[in-house]
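>>> what would the 3D arrangement of this be:
(2 chains)
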Amino acid sequence: MPTIRGVVTIAQESRFQLTDGEGVSHLFVLSPHMLAEGDDLEGLQREQARIRVTYEAARNILGYLAQRIERI
Amino acid sequence: MDTIVHMHPRAAEYPQSDLDRVIPDESELTAGVRIEPGKSYGFFTDTTVCIGCKACEVACKEWNTLPADNLGLTGQSFDNTGALSANTWRHVSFVEKSGAEGVRGTAQQPFQSGWLMMSDVCKHCHHAPCMEACPTGALFKTEFDTVVVQQDICNGCGYCVPACPFGVVEVSTLDGKAHKCTLCYDRLKGGLEPACAKSCPTDSIQFGELSDLQERAALRVEELHARGVPSAYLYGTPGAPGATGGMSHLNAFFLLIDRPEVYNLPSAPSRPSRRVAPSLFSGLAAVAGLTLAAALLFSDAERRP
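Numbering: from 1, shown residues only, chains lettered A, B, ... in the order given. Got it, this is the predicted structure:
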């Protein structure tokens, strides 16, 4: 699965916006099989921590399904 | 400098364009209402002034980080959103009146030239059927009298979906949880007006305390009647269409000028929970009747030589 690095700039419920090194923002929805919850996203956003997201494409939406989040 | 009459006196305290912090109780400046826990808040959507700009849809998606969905063209007028969904919490419906039923319109109607536009949203029902159906308590009433799904509690059972008489709630295929408008619960807690109402350029969507909104809406209906629109009426206020079947009233109510069905709203929504007792008793009665019939048949068969 593809990965992307960046910083969580917005977190809302189980959705978040990741801004990569080039300043481009991407929208992700947490997969139900992930260990992370919406509350974890708030912490990452507050800390502006750099993370790596493993994701897959989602059908019929402009966004991705996040399968794994790791701090880097 | 001339005083701007409609400007809130507190607005003069913030003349700069860039603010380094959130304005305390900002809704007082933008919507004329201070948001306090324990009071009822809602939306009054005046469809007669909706211009179909979809600023509300965009503002909702932006604030709530909701992904664009239903990519492509629907072929339904200018409406490519289609319907409310797990990723679309505001939906501006376009109803073309001119040329309906294959007949070319020869006269334009006042105000909207044969177009009806309405920004649909969760109604935040006073007696919310989705909340009654939820087995986990994920759906709850907030301190602002609005209905919200707690994402960490929702188990995605989907009972709320058929319970909603307005077809608002949807379980997302992405995360398997129910999603709907929160009436910007996080913004309300921060003293901010909901994003959709704040972005509405014509004030078709008005946010405020429910009693104030209902008074304002009643006056607007009277005004429209006086201006030659006798078809104007409210949908979702106490005793009006939309507040039927034990619904009491809707916190997000509408001013319409055609039948509710034209706007894709049910003419007489009801709470499914009110049908539980009659269904149970009719089921018990059916079982009792069948038992009695069987008993009679067997007793008759036994009596025969």
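
>>> identify the bridge partners of residue A:65.
residue A:29, residue A:56 (DSSP bridges).

>>> around chain B, pick out the residues from chain A.
A:10-17, A:27, A:29-32, A:37-39, A:58-63, A:65 (CB under 8 Å from any CB of the partner chain). In this view, the C-beta of every residue, glycine as well, is placed from N, C-alpha and C.

>>> quick one, what contacts the nearest residue to residue B:185 once chain neighbours are set aside?
Using CB to CB, 6 or more residues apart in numbering or on different chains and skipping the chain neighbours, the partner closest in space to residue B:185 is residue B:148 (5.1 Å). Residues near residue B:148 by CB atoms under 8 Å, 6 or more residues apart in numbering or on different chains: B:139, B:140, B:142, B:182, B:183, B:185.

>>> if we can go back for a sec, restricted to strands, list the residues of chain A next to chain B.
A:10, A:11, A:12, A:15, A:16, A:17, A:27, A:29, A:30, A:65 (DSSP state E).

>>> got a quick ChimeraX command for the buried subset of those residues?
The buried subset of these, as determined by 16 or more other CB atoms under 10 Å in any protein chain shown, is captured in ChimeraX by this line:
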select /A:10,11,12,15,16,17,27,29,30,65
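
>>> residue B:198 belongs to a helix, doesn't it?
Yes. Assessed with DSSP: H, G, I helix; E, B strand; the rest coil, residue B:198 lies in a helix.

>>> for residue B:69, give its distance to residue B:202.
26 Å (CB to CB, to the nearest Å).

>>> determine the number of other residues adjacent to the residue of chain A found nearest chain B.
Using CB to the nearest CB, the closest approach of chain A to chain B is made by residue A:63 at 3.4 Å. Residue A:63: 21 surrounding residues under other CB atoms under 10 Å in any protein chain shown.

>>> and residue B:20, by the same measure?
5.

>>> just the element for it, please.
Residue B:20 is part of no helix or strand when elements are defined by DSSP states H and E.

>>> retrieve the pLDDT associated with it.
What the model reports for residue B:20 is a pLDDT of 85.

>>> just residue B:107 next, same as before
64.

>>> then residue B:3?
pLDDT, residue B:3: 53.

>>> now swap in residue B:262 and tell me
Value listed for residue B:262 in the pLDDT field: 92.

>>> in a helix, it, correct?
Yes. Per three-state DSSP, residue B:262 lies within a helix segment.

>>> show me the helices in the stretch 151-300 of chain B, by range?
For the stretch 151-300 of chain B, the helices defined by DSSP state H, counting those that start in this stretch occupy B:160-163, B:185-189, B:195-199, B:210-226, B:276-303.

>>> now tabulate these in CSV and tack on mean pLDDT and distance to residue B:38.
Below are the helices of the stretch 151-300 of chain B laid out as CSV (pLDDT from 0 to 100; distance: least, CB to CB, whole Å):
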stretch, mean pLDDT, distance to residue B:38
helix B:160-163, 96, 25
helix B:185-189, 96, 12
helix B:195-199, 97, 20
helix B:210-226, 96, 13
helix B:276-303, 91, 31
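
>>> please name the residues that touch the residue in chain A sticking out farthest from the centre.
Centroid-distance maximum for chain A: residue A:60 at 18.4 Å, with CA atoms, centre = their mean. Taking CB under 8 Å, 6+ apart, we find residue A:60 in contact with B:69, B:70, B:71.

>>> with adjacent residues omitted, what lies nearest to the last one?
Yep, that's residue B:71 we're talking about. residue A:60 (5.8 Å).

>>> gap between the residue of chain B found nearest chain A and residue B:87?
The minimum distance from chain B to chain A, using CB to the nearest CB, falls at residue B:67 (3.4 Å). Distance, residue B:67 to residue B:87, by CB to CB: 5 Å.

>>> could you list the low-pLDDT ranges of the chain?
As the question left the chain open, I've gone with chain A. Low-confidence segments of chain A (pLDDT under 70): none present.

>>> my question was about chain B, not that one.
Using pLDDT under 70, chain B drops low at B:1-5, B:98-113, B:305.

>>> follow-up on the earlier one: my read: the residue of chain A closest to chain B touches residue A:27, true?
Yes. At 4.0 Å, residue A:63 counts as touching residue A:27 under the criterion of CB atoms under 8 Å.

>>> can you list residues touching both of these two?
A:15, B:67.

>>> ok, back up a step: who has more neighbours, residue B:67 and residue B:87?
Of the pair residue B:67 and residue B:87, residue B:87 is the one with more neighbours under other CB under 10 Å, namely 24 against 20.

>>> so who does that one touch?
A:61, B:61, B:66, B:67, B:68, B:69, B:172, B:179.

>>> state the distance from it to residue B:135.
24 Å.

>>> before we move on, what about residue B:229?
From residue B:229 over to residue B:135 (counting by CB to CB), the distance is 45 Å.
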